[in-house]
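Visitor: sequence first, predicted coordinates after that:
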Amino acid sequence: MSYTVDQIAKALGADAAGDLSLVVHRASEPQSAGPDDLALAMNPDYASGIAEGSARVALLWPGADWQAMGLRAAIFPARPRYAMSGMTRMMDRGQGFAPGIHPSAIIDPAADIADDVSVGPLAIISAGAQIGAGSVIGPHCFVGVDVTLGRDAYLREQVSIGARVTIGARCIIQPGARIGGDGFSFVTAEPSTVESARKTLGDQGAAQAQPWIRIHSLGSVTIGDDVEVGMGCTIDCGTIRDTTIGNNTKLDNQVHLGHNVSIGDNCLICGQVGIAGSARIGNNVVLAGQCGVNDNIFVGDGVIAGGGTKLMSNVPAGRTMLGYPATQMDKQVDQYKSLRRLPRLIREVAELRKAVFKTGKDD
């Protein structure tokens, strides 16, 4: 893949200077960039690395003195971080999935495969599945009964999609994701100690064990357009209604969504987040790594939760949360600062006690 400086600048809507006919073949960090590479130095902190490499062209911050860096050309996007999206899209060489249907793939005659679909080796597509035009079904993927995939869906290798799941257009599912497993729903014939503990918050003592009986998942999973699901994610079916994910929401690796979870549009759910059954997540919510969300609660629009936060109760829209149990981030930081001061405070109190009691004895 090769592009001129002029082509890249126009694709990014960015200004450029110098020899715009220079051709680059790949992107690189400044210190390791060769003469045919585009050095990425979009922050002044990375500018020193240009001298260590041999790049002729760099992606720089607006106003950078590119000539002083010894470059022959430079590109100046107004928002460098955003420009990374367009630049990496141009430079992405993909996974090399060949067009057409591999002879080892197993496709039920009752499946409906649109034009220009790529089906990889040992993939399985079940009866009633509808695969949108331009989609990719990678090697070893499983697509269950009556699944619907929108156009340009992109399933990497070893993705599993359970029966009756609906996935919108242009969705990207990374390797090893599992969508449409049964929900973790079990019940006992008589009220269990777990139910009692939730009501009383107290010890339950010794109790006669009861067998857990499965509640079957009659719902499935519905995913909107432009959603991305990371490696190793697991998304449970709903019990009666579907588990749902809105448009343009992105799930990082190893995210788990329990049965009946509802997530809105434009959310970022980072690595190892767990969302318990029937939790409702609004639009534009960001849950940082290893956050936990309790079952049956609501997280409002625009909420941001820092890493490791455990949301135990409803969160109003617009809040920024941190900690376990979660509180507003500024309050959590104040509490943390106070906690760090405790050892010094205890020493000071001990010294005051000594002084007070000593004074009393002398009197």
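Guide: In hand now; what should we look at?
Visitor: residues in contact with T234?
Guide: 177-179, 181, 255-257 (CB atoms under 8 Å, 6 or more residues apart in numbering). Backbone N, C-alpha and C define where each C-beta goes, glycine included.
Visitor: same thing but 6 Å
Guide: With contact taken as CB atoms under 6 Å, 6 or more residues apart in numbering, T234 is in contact with 178, 256.
Visitor: and what of the one 5 residues further on?
Guide: With contacts taken as CB under 6 Å, 6+ apart, T239 has the following neighbours: 183, 185, 217, 219, 259-260.
Visitor: helices along the stretch 201-350 of the chain, start to end?
Guide: Taking DSSP state H, counting those that start in this stretch, the helices of the stretch 201-350 of the chain run over residues 329-362.
Visitor: domains in this protein, as residue ranges please.
Guide: The chain breaks down by automatic domain parsing into domains covering 3-91, 328-362.
Visitor: what's the least confident stretch among those domains?
Guide: Per-stretch mean pLDDT for these is lowest at domain 328-362 (a mean of 84).
Visitor: show me which positions of that domain end up buried.
Guide: 329, 332 (16 or more other CB atoms under 10 Å).
Visitor: and if you look at stretch 191-201?
Guide: Within stretch 191-201, the residues that qualify as buried are 192-193, counting by 16+ other CB under 10 Å.
Visitor: what's the answer for stretch 310-326, then?
Guide: Buried-residue list, stretch 310-326, by 16+ other CB under 10 Å: 310-311, 315, 319-323, 326.
Visitor: out of those residues, the closest to R79 would be?
Guide: Closest approach to R79 among the buried residues of stretch 310-326 (CB to CB): T320, at 23.1 Å.
Visitor: what about the helices in the stretch 51-200 of the chain?
Guide: Secondary structure of the stretch 51-200 of the chain (DSSP H, counting those that start in this stretch): helices at 80-91, 193-200.
Visitor: can you redo the ones you listed as JSON lines with distance to D225?
Guide: As requested, these are exported to JSON lines (distance: least, CB to CB, whole Å):
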{"stretch": "helix 80-91", "distance to D225": "18"}
{"stretch": "helix 193-200", "distance to D225": "37"}
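Visitor: what about A14, neighbour count?
Guide: 21 (other CB atoms under 10 Å).
Visitor: neighbours of the residue nearest to it when sequence neighbours are not counted, how many?
Guide: For A14, ignoring the flanking residues on the chain, the nearest one in space by CB to CB, 6 or more residues apart in numbering is P77 at 4.0 Å. Counted with other CB under 10 Å, residues neighbouring P77 total 23.
Visitor: OK, contacts around P77?
Guide: 12, 14, 83.
Visitor: now it: how far from A64?
Guide: Distance from P77 to A64, counting by CB to CB, to the nearest Å: 11 Å.
Visitor: now do D36
Guide: Counting by CB to CB, the gap from D36 to A64 is 21 Å.
Visitor: of these two, who's got more company?
Guide: A64 (20 against 16).
Visitor: tell me who's in contact with the more buried one.
Guide: By CB under 6 Å, 6+ apart, no residues touch A64.
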